[in-house]
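Peer 1: from the sequence below, what's the structure:
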Amino acid sequence: MTSKPHLDTLLTKEADFMSVYDFSAKTIEGPDKSLKDYEGKVLLIVNTASECGFTPQFEGLQDLYEKYQNQGFEVLGFPCNQFKNQDPGTDKQIFSFCEDNYGVSFQMFSKIDVKGEHAHPLFTYLTEQAKGLITKEIKWNFTKFLVNKQGEVIDRFAPQTEPKSIEKEIEKALNA
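Peer 2: Numbering: from 1, shown residues only. Model (predicted):
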């Protein structure tokens, strides 16, 4: 008698073949956007917050975006209010804040959860692919995930990691 594979085994194997291109999310302007639109580009996916000690990192993220955008690099910002209520505004307020204070022109998405029962599936996938120190769970705002041109997560950076300090890893991914 042939045994049937357990459902968890099937889901795990199926997840191994996924990439970030299998996800979509609502943009901060409103419409859904498939991450497949970024196929062939190097991505830096970041959970952001407007009232956090790390909020000035928006400037560094924008600098990286401007420097490498023409080489196939994109920054994708995902506002999150799960860490001490540091992004309480509406999508419109968050968008205005980022644009007015930091000149953000990279793609921002609608506010989401990045951990817990209601975590966006993209962030569940990202944390499965690149576990953090001690645990896979995102612990704070401005956790950064670097994704290669094939849609595979190649690195994870802590909130305190300044965007400028990951420039070499971005260049390496762009040149791969």
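Peer 1: what ranges do the strands span in this structure?
Peer 2: 24-26, 32-34, 42-48, 73-79, 107-108, 144-147, 153-157 (DSSP state E).
Peer 1: now for the last one, which elements pack on it?
Peer 2: Read that as strand 153-157. Contacts defined by 3 or more C-beta pairs under 8 Å, 6 or more residues apart in numbering; DSSP states H and E place strand 153-157 against helix 121-129, strand 144-147, helix 167-175. No exception for glycine: its C-beta is placed from N, CA and C like everyone else's.
Peer 1: note down every partner strand of the shortest one and its orientation.
Peer 2: What that stands for is strand 144-147. strand 42-48 (antiparallel), strand 153-157 (antiparallel) (DSSP bridges).
Peer 1: tell me the bridge partners for the most centrally placed residue in the chain.
Peer 2: Nearest to the mean C-alpha position of the chain, by C-alpha atoms, centre = their mean, lies residue 45 at 2.3 Å. Beta-bridge pairing for residue 45 (DSSP bridges): residue 76, residue 145.
Peer 1: rewinding a little: worst mean pLDDT among the helices and strands packed on strand 153-157?
Peer 2: Mean pLDDT is lowest for helix 121-129 among those, at a mean of 92.
Peer 1: for residue 40, which non-adjacent residue is spatially closest?
Peer 2: Leaving aside its sequence neighbours, residue 40 sits nearest to residue 149 (C-beta to C-beta, 6 or more residues apart in numbering; 5.3 Å).
Peer 1: which regions of this protein sit below the pLDDT cut-off?
Peer 2: The model of the chain has pLDDT under 70 over residues 1-17, 131-135.
Peer 1: give me that answer again for 50
Peer 2: Judged by pLDDT under 50, the chain has its weakly predicted residues at 1-15.
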